[in-house]
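J.: Provided below for reference: sequence and predicted model.
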Amino acid sequence: MTRPLIHLESIHKYYGDYHALRGIDLDIRPGEFFSLLGPSGCGKTTLLRTIAGFEDVSSGNMFIDGRDMKRVPANQRPTNMVFQSYAIFPHLTVAENVGFGLRRDPRPKAEKAKAVEEALEMVGLRGYGKRAAHALSGGQRQRVALARALILKPKVLLLDEPLSALDKKMREQMQVELIRLQRSVGITFILVTHDQEEALVMSDRIAVMFEGEIGQMADPETLYRRPNSRRVAEFIGKMNILPGHVTEGGPGVTVDVAGLGRAEVATEQAPGGVVAGDTAVGIRPETLAILFEGEETTRRVVEGVVDEVVYYGDMTYYDVRVDGVPEPLNISMKNLIGRPVLDVGTRTRVAWDERSLVVLAR
Amino acid sequence: MLRGYAVLYLIFLYAPIALLPIFAFNDGSIIAFPLQGFTTRWFSELWTNSALHNAVQNSLFIAVMTAVFATLLGICAARAGAMASFPGKQGILGFVMLPLVLPEIIVAVSLLIVLRQVLGLQLSNWSVIAAHVLICTPFSIAILNGAFQNLDPAMEEAAMDLGESRWSAFRLITLPLVMPGIVSSLLISFTISLDEFIIAFFLTGTNPTMPVYIWGLLRFPGQLPVVMALGTILVALSIILLTIAEYYRRRGLARAGVADTGGFL
Amino acid sequence: MAIGTWLTTERGRAATLVVPPFVYALLLLAIPVGAVILFSFWTQDFMTVDRTFTLDNYREIATTPVYGLLLRRSLFVSGTVTIVTVLLAYPIAYFVSFHVPAHRKSLWLFLITIPFWTSYLIRVFLWKVILGYNGVINSGLQGLGIIDEPLTFILYNVNAVIITLAHAFAPFAILPIFVALEKIDRSLLEASQDLGETRLTTFLRVTLPLSMPGLVAAVLIVFIPTIGDYVTPELMGGAGGKLIANMIQTQFLQLNNAPLGAALALVAMVSVTAISLVFILLNRRWLRGR
């Protein structure tokens, strides 16, 4: 494995009595698109700001590119930041904003101007240099903030909820642009977001944070398919949580799932570790299937009654009550040709698969 | 109906000031109707009055010093106000704003006792400056609060993130953005100090300030037309200064990209 | 945490910044007011101050009728000025906040504040010109044949003092009320009308209670400082219109009796503060009782 670009070692941060970061250990590789994901107040922004140098750490070590960051102020760190509010200087032009960090650059003026023009071109704002910054739209501001940070060729670009101020359409467009930009410049990006979909779409790896701790750190697919705890499972996507009972550990795990019956699952399906005893078992709505009339399956089947139907156009979401399962099961079905939309109260069969179960710690 | 009332109210507000130029140019030594005819001789008398010139000089000196010091203190307080909270911050800032609601005579009396009786100092222009800074600082803070609190705190951080030191970030980003507020605060403090009488009357040294000098003139009926002429000039001057201050305040808001919400306070 | 590292945090820097204005106010306000309190318990002995602790000054204030008379008159004048000023100011603040288009609001506020910033002494004196024996009102009314003899009840008495002060403090009352009115979410008024209230009852049940903080601020910002004004009573009040501030000024600058002056100033200050506090408490109770 290559040497990590950012290495954090049991970082703690206190605000008075409030313990904001509780022992963060983290390695981020060069060129990685890394996301810090979590609900508001989980410490993700604080962590980003300690990496930027805006917050001191109370204890722990931080290395960026092998260099100890203790007592290195923000203006001397090889990091640059895109702020949530973008922090575009309203009294300067777009070009002056983008070229702000070049003030101490010894290059001649003409070269700096060229660098600014290139940076603007990179974010798709060619020819905007002379505009007043306060007259820009939200999306344009964000591009200026990106150009302004990237012009200094930082080792790491820090993005603090950069898309939260944009409307849905603009946000989706910028997600794609950010991924493309990151691949072309090859700089490590660290993104802070509370939007799980955004994190899944954009990141190479994601750290999910709760209450100042990292709950799980993994690539998007692992995070989605194999959450290691109930809170990660519930924070990312939808998850049916059923009570279960592990009877046996070992190479395979035997678990009794309420309403579904006994199942044998692989060790990887219990990423949080297995202990014999009561547990929670998760299963995603899209891995369950309603068997319509005449459909047969080799998968396991339980019977239930439709409790709620929400029609979404391309999809239909069902809540199906199954004997022995405390909460109705959430099932999402693609509306393929010939598939009816069932009515509430319909008796139906639900197919499920042992391979899509996750045994959740706690 | 409300609009009619508002217009009447403005007339009530402006009635006294409107009389100023009328009597300043009136060719009669008594300030009463009927008017006597047009003259500019009261203005010419102003030019030859050396006692007045001294008073004006004193007042200008006091007002300039007051404006500078009050604005400096105002910048400190307003910036602190926009920054992170610490224990007791609200109380301290509230205490600094106290002179805004304190009767001026209390300020005057308490400073007089300290300066004359406790410290045994001679009164001078500086005693007036000290008191004027005290009463102007809250106004300065009120004006500058608007300027500082409209600033996005991420702005300075962004500058530091791009390589500037804490001080150069302040100089390059915050200072230009709050400059209109600073100019506005300087002008307002200057205007308040130039016009202040109640405290100055207690604390002025051997050289009277302009309002103290005017107070003296008010006792001599023969001098009243000259006072009218002086008042006319002062009012014109104040309006010009305030218009400039208002212009800068609005420009500051426009720069920060904020909608205008109201007046000086 | 060590002080040195605390000072580099943002809180620490904010605390450092607040030191200069705080120390200034401490040195020039808190300590001098403390000196006034101290002096009020001393006595003037011809040219020197006798520093033995005594309640003589307060005893003298309590037993000499003129001080009580001046204090009561001062409080009456301040109270009346406050009521008049705030009642006159509320509709203006309401008008500017609710009826003036947004882009014209600052122009109106500017027009309202301008007279406030122009020479105070001369403004007070001009009221004398307006209200005087040969003044604008009298000559106007005589010219129109409404009166034969000039009216005399409008100058050199308490009425004249009240009119002049109400004029001087007008912007002080308008601005806080305006700010409070501006903060009111306009959809609340629509919600109230939607729930069946008329415009008048909406005003009474929604607008007025919500503007109460501004109204209270206006009352305090007019009531407290007016007690300390000696210019207006001196110029407008005549013999029967002198107030406590004139007496304080006389004690300090003419009779050279700083201890008695200090005691008078404190009594005046404590009286207005006490009345203000009672007012604030009553107001809170009223708002809560609704």
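T.: Arrived safely, thanks for sending.

J.: quick one, helices of the chain?
T.: Going with chain A. With DSSP state H as the criterion, chain A has helices at A:44-52, A:94-98, A:109-122, A:138-150, A:168-185, A:196-202, A:220-225, A:230-235.

J.: hmm, no, I was thinking of chain B.
T.: B:2-24, B:41-48, B:50-82, B:89-97, B:104-112, B:125-149, B:154-161, B:166-169, B:175-195, B:198-203, B:210-217, B:224-255.

J.: quick one: buried residues of the shortest one?
T.: In terms of neighbour count (16 or more other CB atoms under 10 Å in any protein chain shown), helix B:166-169 has its buried residues at residue B:169. Yep, even glycine has a C-beta here, placed from its N, CA and C like the rest.

J.: now chain A against chain B: closest residue?
T.: Closest residue of chain A to chain B, CB to the nearest CB: residue A:101 (3.4 Å).

J.: leaving out chain neighbours, which residue sits closest to residue C:193?
T.: Spatial nearest neighbour of residue C:193, excluding adjacent residues (CB to CB, 6 or more residues apart in numbering or on different chains): residue C:202 at 5.7 Å.

J.: element containing that neighbour?
T.: When elements are assigned from DSSP states H and E, residue C:202 belongs to helix C:199-202.

J.: now for that helix, which elements pack on it?
T.: Secondary structure elements in contact with helix C:199-202, counted by 3 or more CB pairs under 8 Å, 6 or more residues apart in numbering or on different chains; DSSP states H and E, are helix C:186-194.

J.: what sits against the residue of chain A closest to chain B?
T.: With contact taken as CB atoms under 8 Å, 6 or more residues apart in numbering or on different chains, residue A:101 is in contact with A:80, A:148, A:151-152, B:162-163.

J.: again with residue A:227
T.: Residues counted as contacts of residue A:227 (CB under 8 Å, 6+ apart) are A:216, A:233, A:236, A:239, A:271, A:282, A:358, A:360.

J.: middle-most residue in chain B, spatially?
T.: Nearest residue to the geometric centre of chain B (CA atoms, centre = their mean): residue B:192, 2.5 Å.

J.: what's in contact with stretch C:16-33?
T.: When contacts are defined by CB under 8 Å, 6+ apart, stretch C:16-33 is touched by residues B:72-74, B:76-77, B:79-80, B:83, B:89, B:92-93, B:95-96, B:98-99, B:102, B:106-107, B:110-111, B:113-114, B:130-131, B:133-134, B:137, B:141, C:7.

J.: separate out the buried members of the residues you listed.
T.: For the contacts of stretch C:16-33, a neighbour count by 16+ other CB under 10 Å gives the buried set as B:72-74, B:76-77, B:79-80, B:83, B:89, B:92-93, B:95-96, B:99, B:102, B:106-107, B:110-111, B:113-114, B:130-131, B:133-134, B:137, B:141.

J.: spatially nearest residue to residue B:152 (excluding sequence neighbours)?
T.: If the residues on either side of it in the chain are set aside, residue B:152 comes closest to residue A:85, at 5.1 Å by CB to CB, 6+ apart.

J.: burial of residue B:88, as a residue count?
T.: Residues within reach of residue B:88, counting by other CB atoms under 10 Å in any protein chain shown, total 12.

J.: any idea how far it lies from chain A?
T.: Residue B:88 sits 14 Å away from chain A, going by CB to the nearest CB, to the nearest Å.

J.: separation between that residue and chain C?
T.: Taking CB to the nearest CB as the measure, residue B:88 and chain C are separated by 9 Å.

J.: from residue C:18, how far off is that residue?
T.: Counting by CB to CB, to the nearest Å, the gap from residue B:88 to residue C:18 is 9 Å.

J.: contacts only, for the closest residue to residue B:223 other than its chain neighbours.
T.: Once flanking residues are discounted, residue B:223 sits nearest to residue B:217: 4.3 Å by CB to CB, 6+ apart. If a contact means CB under 8 Å, 6+ apart, then residue B:217 has B:223-224, B:226-227 as its contacts.

J.: switch the cut-off to 10 Å
T.: Going by CB atoms under 10 Å, 6 or more residues apart in numbering or on different chains, residue B:217 touches B:49, B:51-52, B:55, B:223-224, B:226-227, B:230, C:121, C:125.

J.: so what are the domain limits for chain A?
T.: Taking automatic domain parsing as the criterion, chain A consists of the domains A:6-225, A:239-362.

J.: so which residues on chain B come close to chain A?
T.: Taking CB under 10 Å from any CB of the partner chain as the criterion, chain B approaches chain A at residues B:84, B:87, B:150-166, B:168-169, B:172-173, B:176-177, B:179, B:254-258.

J.: show the buried residues in those residues.
T.: Among the residues of chain B next to chain A, the ones that count as buried by 16+ other CB under 10 Å are B:150-164, B:169, B:172-173, B:177, B:179, B:255-256, B:258.

J.: returning to what we had before: got a list of contacts for the helix holding residue C:202?
T.: Residues outside helix C:199-202 that contact it (CB under 10 Å, 6+ apart): C:188-193, C:195-196, C:207-208.

J.: can you tell me which of these has the most neighbours?
T.: Greatest neighbour count in the contacts of helix C:199-202, by other CB under 10 Å, goes to residue C:207: 20 neighbours.

J.: and the pLDDT at that residue?
T.: Looking at residue C:207, its pLDDT is 91.

J.: how close does it sit to residue C:186?
T.: Counting by CB to CB, the gap from residue C:207 to residue C:186 is 10 Å.

J.: same question, residue A:172
T.: In this structure, residue A:172 and residue C:186 are 34 Å apart, going by CB to CB.

J.: try residue A:127
T.: Using CB to CB, we find residue A:127 at a distance of 41 Å from residue C:186.
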